[in-house]
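Asks: Pasting the sequence and the predicted coordinates here, then a few questions.
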Amino acid sequence: QVQLVESGGGLVQAGGSLRLSCAASGRTFSSYAMGWFRQAPGKERAFVAAISWSGSSTYYADSVKGRFTISRDNAKNTVYLQMNSLKPEDTAVYYCARSRALTSRVESGYEYWGQGTQVTVSS
């Protein structure tokens with residue numbers, strides 16, 4: 001069983017930065033792509049970013065491109081989401097997920113999910 005635990009969320013002013021971390025259990029972390037999704041109040045969960053198993057390929061939602069950076073450290077079984085120039089519309093619960101294999105922009109491409117971490121951006 002794979003467990004994913006997110007951390008690093010919190011309250012930040014608009015224009016600020018946060019770095020989210022997602023620690024994964026298991027010895028196969030480096031074999032799978034990872035992703036970040038977010039769910040704002042009253043909205044469906046939406047894709048934010050994804051990274052290939054090696055870290056060589058990354059993908060972003062248009063709304064965060066140029067502001068967010070996804071990365072991973074396979075030696076630490078951890079994936080990160082660096083969020084800069086935060087906006088109030090970035091307020092959401094952020095979830096990390098392990099893919100079924102390859103990178104994906106849709107929820108169905110992911111098999112395991114963390115419990116989420118709240119990010120609140122004040123104006």
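Replies: Done, it's in.
Asks: contacting residues around the one residue sitting closest to the centre of the chain?
Replies: By CA atoms, centre = their mean, the chain has its centre lying nearest to Trp36, at 2.5 Å. Shown in contact with Trp36 (CB atoms under 8 Å, 6 or more residues apart in numbering): Leu20, Cys22, Val48, Ala49, Ala50, Ile70, Val79, Leu81, Tyr94, Tyr95, Cys96, Ala97. Every C-beta, even on glycine, is put in place using the N, C-alpha and C of the backbone.
Asks: any idea how far it is from Leu81?
Replies: Distance of Trp36 to Leu81, given as CB to CB, to the nearest Å: 5 Å.
Asks: just Met34 next, same as before
Replies: Going from Met34 to Leu81 by CB to CB gives 10 Å.
Asks: which ones are touching Lys65?
Replies: For Lys65, the contact set (CB under 8 Å, 6+ apart) is empty.
Asks: same question, the one 5 residues further on
Replies: Contact partners of Ile70, counting by CB under 8 Å, 6+ apart, are Met34, Trp36, Ala49, Ala50, Ile51, Thr58, Tyr60, Val79, Tyr80, Leu81, Gln82.
Asks: Can you report how many residues lie near the last one?
Replies: Looking back up the chat, that one is Gln82. Counted with other CB atoms under 10 Å, residues neighbouring Gln82 total 15.
Asks: If it is in a bridge, with which residues?
Replies: Beta-bridge pairing for Gln82 (DSSP bridges): Arg19, Thr69.
Asks: Was I right to think it contacts Arg19?
Replies: Yes: Gln82 is in contact with Arg19 according to CB atoms under 8 Å; the separation is 5.0 Å.
Asks: still on that earlier bit, could I have the buried ones of the contacts of Trp36 as ChimeraX selection syntax?
Replies: To isolate the buried members of the contacts of Trp36 in ChimeraX, using 16 or more other CB atoms under 10 Å:
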select :20,22,48,49,50,70,79,81,94,95,96,97
